[in-house]
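Trainee: Sequence first, then the predicted structure, then my questions.
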Amino acid sequence: MPPTFVWRITKPDGTLSFGIGPAAGVTADQVGTYTCRFTARANRECQPNRRFVSETGYVPDNYETVGVVYKTFIAPEAIQTSGLAFWLWPYYKGDGRRFGGGTSRSSQSTSVTVDPRVTNGQVGTPTQGFGTTVGYDNDPEFEDVFRCEFCPVDFDNYDDFCLTVSPSADCTATAVAGQNGNVLSIQHSRVDDEVVQIQFDLVGYVACSSGPDPAIDAHIELSFRQECENGVLQPMEFMLVGNHDGFPWHELYIKGVPVYEHDPCCTREGPGSLVGSGEWPYSPAPDDPPFPCHPFLTGIRLSTWQPLPGLDP
């Protein structure tokens, strides 16, 4: 059989485009250097190691299956939004947690394998949902919230607050994907026999808002590769590109291990940064970031292939 040509074009911001065929093309909508890579595949089946499971056949035993979880959350117990005209209530409940677990503003999770017999790499059923929004008027003063400090730096556009023992909610609502412009989407696709991609899309509006208001935005293209060399499967790798808003907090886990975290405390960003569709790329901070602390979990360049968490580089 003739070879199959697979191409990948990288835009100046690190965004990837994939395709199959002898010609490659992408819309040049950015200033900078575009790179293109062609790979010719010989269309020979690469057999992984197998184990006998029944009288009817065999299944591979060394394609990896990994779980992926992406969440956004508001770390303080409550935030003030009185200076932001696009929200109805002056105070909103946060998730009251650090990185690592607890309630969230949004949560998306799925599992993936590069096994070529799985059409799009999806394993099981993805799960996703929005967290409940709670708004307070704090009237009379200190009925619902009181000032306290969560972030170690001063913010220009909102302050941190803590909840009283018995706050009285003035609004409780939960956003629903597909309604009022809200989006929660997980799409699996296969690039070739060795690469699959998961695309996460998030647009989350405040359910207790009078609207129109800015939303939490995030777009992720997370690729996984497991190559076959001389009939032996190599360790799986991953690559991450995309962008997100500077607020709220963002966290991405692969195999239960954090691989990306964004901390608005370090970038001095508040709800005002929700305006727009995402100003932060999923990449490490510069060597000398102009921030009082490091806003990212890792310094590795996620827009290039990296070993899965727990594997040596």
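Mentor: Everything's here; your move. Numbers count the residues shown, from 1 in each chain.
Trainee: among the helices and strands of this protein, which has the poorest mean pLDDT?
Mentor: Every helix and strand of the chain was ranked by mean pLDDT, DSSP states H and E. The lowest is strand 50-54, at a mean of 37.
Trainee: which phi and psi does Leu274 have?
Mentor: Note on Leu274: its backbone torsions stand at phi -70, psi -20 [degrees, to the nearest 10].
Trainee: With Phe150 instead?
Mentor: Main-chain dihedrals, Phe150, degrees, to the nearest 10: phi -110, psi -50.
Trainee: shouldn't it be in contact with Pro76?
Mentor: Yes - counting by CB atoms under 8 Å, Pro76 is a contact partner of Phe150 at 4.1 Å. Every C-beta, even on glycine, is put in place using the N, C-alpha and C of the backbone.
Trainee: These two: which is more packed in?
Mentor: Comparing Phe150 with Pro76 by other CB atoms under 10 Å, the one with more neighbours is Pro76, at 26 against 19.
Trainee: and the gap between the more buried one and Gly178?
Mentor: Distance, Pro76 to Gly178, using CB to CB, to the nearest Å: 29 Å.
Trainee: now do Ser273
Mentor: 25 Å.
Trainee: Just checking: what are the partner strands of the host helix or strand of Ser185?
Mentor: Ser185 is part of strand 183-192 when elements are defined by DSSP states H and E. Strand 183-192 pairs in its sheet with strand 195-204 (antiparallel), by DSSP bridges.
Trainee: Report the contact partners of Tyr91.
Mentor: By CB atoms under 8 Å, 6 or more residues apart in numbering, the contact list for Tyr91 reads Ala78, Ile79, Gln80, Thr81, Ser82, Gly135, Tyr136, Asp137, Asn138, Asp144, Val145, Phe161.
Trainee: so can I have JSON lines of those showing distance to Leu240 and neighbour count?
Mentor: Putting those into JSON lines (distance: CB to CB, whole Å; neighbours: other CB atoms under 10 Å) gives the following:
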{"residue": "Ala78", "distance to Leu240": "31", "neighbour count": "28"}
{"residue": "Ile79", "distance to Leu240": "28", "neighbour count": "23"}
{"residue": "Gln80", "distance to Leu240": "33", "neighbour count": "22"}
{"residue": "Thr81", "distance to Leu240": "31", "neighbour count": "23"}
{"residue": "Ser82", "distance to Leu240": "36", "neighbour count": "12"}
{"residue": "Gly135", "distance to Leu240": "34", "neighbour count": "23"}
{"residue": "Tyr136", "distance to Leu240": "36", "neighbour count": "24"}
{"residue": "Asp137", "distance to Leu240": "40", "neighbour count": "16"}
{"residue": "Asn138", "distance to Leu240": "39", "neighbour count": "21"}
{"residue": "Asp144", "distance to Leu240": "38", "neighbour count": "25"}
{"residue": "Val145", "distance to Leu240": "36", "neighbour count": "26"}
{"residue": "Phe161", "distance to Leu240": "33", "neighbour count": "24"}
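Trainee: And those, which is closest to Asn120?
Mentor: Among those, Ile79 lies closest to Asn120 (CB to CB), at 38.5 Å.
Trainee: Are there helices or strands packed against the strand or helix carrying the closest one, and which ones?
Mentor: Assigned by DSSP H and E, Ile79 belongs to strand 78-80. With contacts defined as 3 or more CB pairs under 8 Å, 6 or more residues apart in numbering; DSSP states H and E, the packing partners of strand 78-80 are strand 91-93, strand 160-163.
Trainee: Need the winner for burial among those.
Mentor: Highest mean neighbour count of the helices and strands packed on strand 78-80: strand 91-93, a mean of 25 (counted as mean count of other CB atoms under 10 Å).
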